[in-house]
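[1] Starting from these lines, generate the structure:
(one chain, ligands or ions: 1)
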Amino acid sequence: MSLSQRIIGKYKGNEPGPLLVITGGMHGNEPAGVRALDLLFKMLEVEPITNPDFTYKGEIIGIIGNLQAYKMGKRFIQKDINRSWEPEFIQNLKHSDKDQLHDEDWEIRDILDVIDEEIKRVGPDELYLLDLHTTSSDGGIFCITTDNKKSIEIAHEIHAPVILGLLKDISGTTLHYFNEKNMGLPSTAIAFEGGHHDDSQSINRCIAAIVNFLRAIGVVSPEHIENRHDHILKQYSRNLPEIVEVIYKFHIDENHKWQMKPGFKNFQAVTKGELLARYDGQDVKAEVDGMILMPLYQAQGNDGFFIVKTWHGG
Ligand SMILES: [Zn+2]
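    As a prediction, this is how the structure comes out:
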């Protein structure tokens, strides 16, 4: 199956409620979120038939983030969309001649046009964004939140580890941009990482995360949610920490040679001084004790790895 359109699907509930934007393929080499969305809309289509009491509050739109890169199976063409959402840059794109834009600039502008049109059509009081991703490393699913309290509360209810403080070390992600200030209405954003890019189960985990998200924001009734969704995520997370915070990040500059030592999994313990990677022929060792997150096992990307530790409050 290969989708060729920006909009994967739309769903209108039978009661008023928020607008939910769900994005997959913001990185073109991450098809699991796109497939999960395609299946979600098919499930929502048959739900009222199999379950006459089913109600939904508000509307959903599912879109492919980097459509051109998705068709090529690449993370991006020129630049990483999920590092490009700087408010000033976005303002410029909004006022540019769309026909003159290329690659990721055109992609971002088109995403904005689609979402703006949807906001105008639906006129919601509230906006939610769920951004679905997968990783080049194995062994972990997790939610990335903003520092907005609501974002953190929703992430807890998805039943996957919650990563705090990640946005401090990177900039221009969708989570940085989709807030009330930029969108003009109350907006809450979360990213979900569903597992390895090529693991077919990542699709099921993305569907489970969406369903738990719908329950968390109150647009479906909990009694209409099958607990197999919860089970999938709880089962996968059973040996993973509940909340962690980022304590270290290794940045890779463009055109530098990166080689992660094979075999690291998300949330694997590392100790200070342990060899983790080679960067331009030099050893890269852990600077601190902790757990490794998102070790980079693909050619494109600027984050070599993160190190996190269990969060104990504060
Ligand atoms: Zn991604």
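
[2] How about H133, nearest residue that isn't a chain neighbour?
    E193 (5.0 Å; CB to CB, 6 or more residues apart in numbering). Where you see a C-beta, it was placed from the backbone N, CA and C, and this is true even at glycine.

[3] May I ask you to confirm that the one you found belongs to a strand?
    Yes: looking at E193 with DSSP: H, G, I helix; E, B strand; the rest coil, it is inside a strand.

[4] hey, what's it bridged with?
    H133, F142 (DSSP bridges).

[5] Could I get the contacting residues of it?
    Going by CB atoms under 8 Å, 6 or more residues apart in numbering, E193 touches H133, T134, T135, G140, I141, F142, C143, I144, M294.

[6] do you know how far the fifth one is from the ion?
    Note on I141: its distance to the ion, by CB to the ion, to the nearest Å, is 13 Å.

[7] neighbours around that residue, how many?
    28 (other CB atoms under 10 Å).

[8] ok, it - contacts?
    Here I141 is in contact with A160, P161, F192, E193, G194, G195, R205, A209, L233, Y236, S237, L240 (CB under 8 Å, 6+ apart).

[9] interface residues of the stretch 1-150 of the chain facing the ion?
    H27, E30, H133 (CB under 5 Å from the ion).

[10] Including neighbour count, pLDDT and distance to I307, could these go into JSON lines?
    Shown next, in JSON lines, are these (neighbours: other CB atoms under 10 Å; pLDDT from 0 to 100; distance: CB to CB, whole Å):
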{"residue": "H27", "neighbour count": "26", "pLDDT": "97", "distance to I307": "22"}
{"residue": "E30", "neighbour count": "26", "pLDDT": "97", "distance to I307": "23"}
{"residue": "H133", "neighbour count": "26", "pLDDT": "98", "distance to I307": "19"}
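
[11] where do the strands sit along this structure?
    7-12, 15-24, 57-64, 127-135, 142-145, 162-164, 187-196, 243-251, 258-260, 268-270, 275-279, 282-285, 290-293, 303-310 (DSSP state E).

[12] who's in contact with the third one?
    Same thing as strand 57-64. 3, 5-13, 15-25, 34, 37-38, 40-41, 44, 70, 111, 114-115, 118, 122, 124, 218-220.
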